[in-house]
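model this:
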Amino acid sequence: MALIIQKYGGTSVGNIDRIRAVAKRVIQSAGRGDKVVVVVSAMAGETNRLIELGKTVSRRSEGREFDVLLATGEQVTTALLALAIEEEGRRAVSFLGHQVQITTSGAFSKARIESVNTVRTLEALNDGYIVVVAGFQGATREGSITTLGRGGSDITAVALGVALKADRVEFYKDVDGIYTADPAVCPDARMLPKVTYEEMLEMSYLGAKVLHPRCVEMARRNRLPLIVRSSLNFNPGTSVVTEEEIMEYAAVAGIVCDKNQVKVSLLNIPDKPGILAGVFTAIAEDEINIDMIVEDTTGADRATSVSFTCGSADLGAAEKAAKKITAKYPGSSYAVRSGLNKLSIVGAGMRLHSGVASKMFTALAREGISVYMVNTSDIKVSCLIEAKYSELGVRTLHDVFELGKPQPRKAARTAKAARK
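Numbering: from 1, shown residues only. A predicted model of the protein is given here:
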């Protein structure tokens, strides 16, 4: 008998027919003798509807009362699924975040889970119930309802899996698994039967929307197996596993494109100790999430320039921060460039292969695609390109690394990072 966490996203519970289909699937799993905890998102589009509803009475779009409002989306789905399961003849019980005592920080709209009390959930499972838990939400120690941010239901599922010592967490999506690239852009994209935690984590941070990076990191730390599969069929999906569980690696596992990036350049600021610390402290105070950073110290008169990237949602705040920073230093200025995408290749096999970056940039140059910034780790290479070339860039790299073909994946777990 296994203890399984099943997480269903908004599309999978997007209407009553799909909720009934999920109920039957859950019952089938429980019928095999497994103990099943189900975590659900709000119905597709519901969170956005609630945000717009809140905006009709308030200029704010976050905070304590907004979290109370947004948490109702998952409450509806949780109750409907429990009712559907009971209608099929199985006992079910629904819990909201505070009822299973998912305790979080007090950062409304982006709270972090601090602890999970498993007593109530285990009691219900041992009494023969299928447990349905509202994702995306928790409560502070003082009892205030909080939400975990976009994709937070993924985090709820893994947090419950860790606390309950589950055998695995299954994520049910509207896709069959993790692909070598977006199938809408690359028709020959392949589903990967296995990816490592590290590969999945990089893909998530770099723009793949399949799993929230925080849930992948939590699963990696606790060696909790994850499976990504479709709620519309019974295909096996993609397993997220440790490196030791994959015998062979190709150099590149997948191509990811993160859209709507902005490049901000601070020009001719003083080149002396403490300046950059002040710059990025000011940016952090404005809660701007930055990614790539490049410094150019070739300027004259002990001046330097530094560029960074952020999401287009932070454009207004980034421009305001740049204006405030450069106003402190006579002769300095700033420039903002939007309409950029971050194109990345990811693969644990890069640790064994030299020339991967060269192959990437040569292929892009052959297509006339200019590269503006570059960022690397031992299993990824990312570059900033114009948005109008993003799909061409994805297809070009997918072809040049032959990701449309089944590939061997050479052992990488004992290799040194020597490929760049």
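
tell me where the model's unsure across the chain.
In the predicted model, the chain carries pLDDT under 70 at residues 247, 297-301, 407-420.

please redo it, this time with the cut-off set to 50
Low-confidence regions of the chain, defined by pLDDT under 50, span residues 409-420.

the helices in it, which residues?
Secondary structure of the chain, counting by DSSP state H: helices at 16-31, 46-55, 64-87, 119-126, 152-164, 197-205, 213-222, 275-285, 315-326, 356-366, 390-400.

and among these, the most buried is which?
helix 152-164 (a mean of 26; mean count of other C-beta atoms under 10 Å). Backbone N, C-alpha and C define where each C-beta goes, glycine included.

what angle separates it from helix 213-222?
Between helix 152-164 and helix 213-222, the angle comes out at 20 degrees (axes from the mean of the first three to the mean of the last three C-alpha atoms, to 10 degrees).

now do helix 152-164 and helix 197-205, the angle between them.
150 degrees.

begin at 38 from here
Fine by me, first position is 38 from now on; the one you just mentioned is helix 189-201.

how about the CA coordinates for helix 189-201, as PDB?
Extracted in PDB, the C-alpha atoms of helix 189-201 (Å, rounded to 0.1, in the frame of the first residue of the first chain):
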ATOM      1  CA  GLY A 189       1.400  27.600  -5.100                       C
ATOM      2  CA  SER A 190      -0.800  24.500  -5.300                       C
ATOM      3  CA  ASP A 191       2.300  22.600  -6.600                       C
ATOM      4  CA  ILE A 192       4.100  23.700  -3.400                       C
ATOM      5  CA  THR A 193       1.200  22.600  -1.300                       C
ATOM      6  CA  ALA A 194       1.300  19.100  -2.900                       C
ATOM      7  CA  VAL A 195       5.000  18.600  -2.300                       C
ATOM      8  CA  ALA A 196       4.900  20.000   1.200                       C
ATOM      9  CA  LEU A 197       2.200  17.500   2.100                       C
ATOM     10  CA  GLY A 198       4.200  14.800   0.400                       C
ATOM     11  CA  VAL A 199       7.200  15.600   2.500                       C
ATOM     12  CA  ALA A 200       5.300  15.900   5.800                       C
ATOM     13  CA  LEU A 201       3.300  12.700   5.200                       C
END
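
look up how far residue 135 lies from residue 177.
9 Å (C-beta to C-beta, to the nearest Å).

swap in residue 120?
In terms of C-beta to C-beta, residue 120 sits 21 Å off from residue 135.

equivalent analysis for residue 434, please.
46 Å.

one step back: as a markdown table, the helices of the chain with distance to residue 379 would be great.
Converted to a markdown table, those look like this (distance: least, C-beta to C-beta, whole Å):
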| stretch | distance to residue 379 |
| --- | --- |
| helix 53-68 | 33 |
| helix 83-92 | 24 |
| helix 101-124 | 28 |
| helix 156-163 | 39 |
| helix 189-201 | 21 |
| helix 234-242 | 10 |
| helix 250-259 | 15 |
| helix 312-322 | 18 |
| helix 352-363 | 15 |
| helix 393-403 | 13 |
| helix 427-437 | 9 |
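
so which of the ones you listed comes closest to residue 305?
helix 352-363 (8.5 Å; C-beta to C-beta).

list the helices and strands that closest one packs on?
strand 291-307, helix 312-322, strand 370-383 (3 or more C-beta pairs under 8 Å, 6 or more residues apart in numbering; DSSP states H and E).

and those: which comes nearest residue 217?
Across the helices and strands packed on helix 352-363, closest to residue 217 is strand 291-307 (C-beta to C-beta), at 4.9 Å.

residue contacts, the closest residue to residue 124 other than its chain neighbours?
Using C-beta to C-beta, 6 or more residues apart in numbering and skipping the chain neighbours, the partner closest in space to residue 124 is residue 60 (7.5 Å). Listed by C-beta atoms under 8 Å, 6 or more residues apart in numbering, the contact partners of residue 60 are 118, 121-122, 124-125.

could you redo the last one with a cut-off of 7 Å?
Applying C-beta atoms under 7 Å, 6 or more residues apart in numbering to residue 60 gives the contacts 118, 121-122, 125.

do residue 70 as well
Here residue 70 is in contact with residue 38 (C-beta under 7 Å, 6+ apart).

ok, now with 10 Å
Residues near residue 70 by C-beta atoms under 10 Å, 6 or more residues apart in numbering: 38-39.

distance check, it against residue 38.
From residue 70 over to residue 38 (counting by C-beta to C-beta), the distance is 5 Å.

need the overlap of contacts for residue 177 and residue 135.
141, 183.

surely residue 76 meets residue 173?
Yes. The criterion here is C-beta atoms under 10 Å, and residue 76 meets it with residue 173 at 9.0 Å.

which residues do the two both contact?
Joint contacts of residue 76 and residue 173 (C-beta under 10 Å, 6+ apart) are 111, 190-193.

next, count neighbours for residue 131.
By other C-beta atoms under 10 Å, 22 other residues sit near residue 131.

shouldn't residue 407 be in contact with residue 421?
Yes. Under the criterion of C-beta under 10 Å, residue 407 makes contact with residue 421 at 9.4 Å.

which of these two has more neighbours?
The residue with more neighbours, out of residue 407 and residue 421, is residue 421; 24 against 11, by other C-beta under 10 Å.
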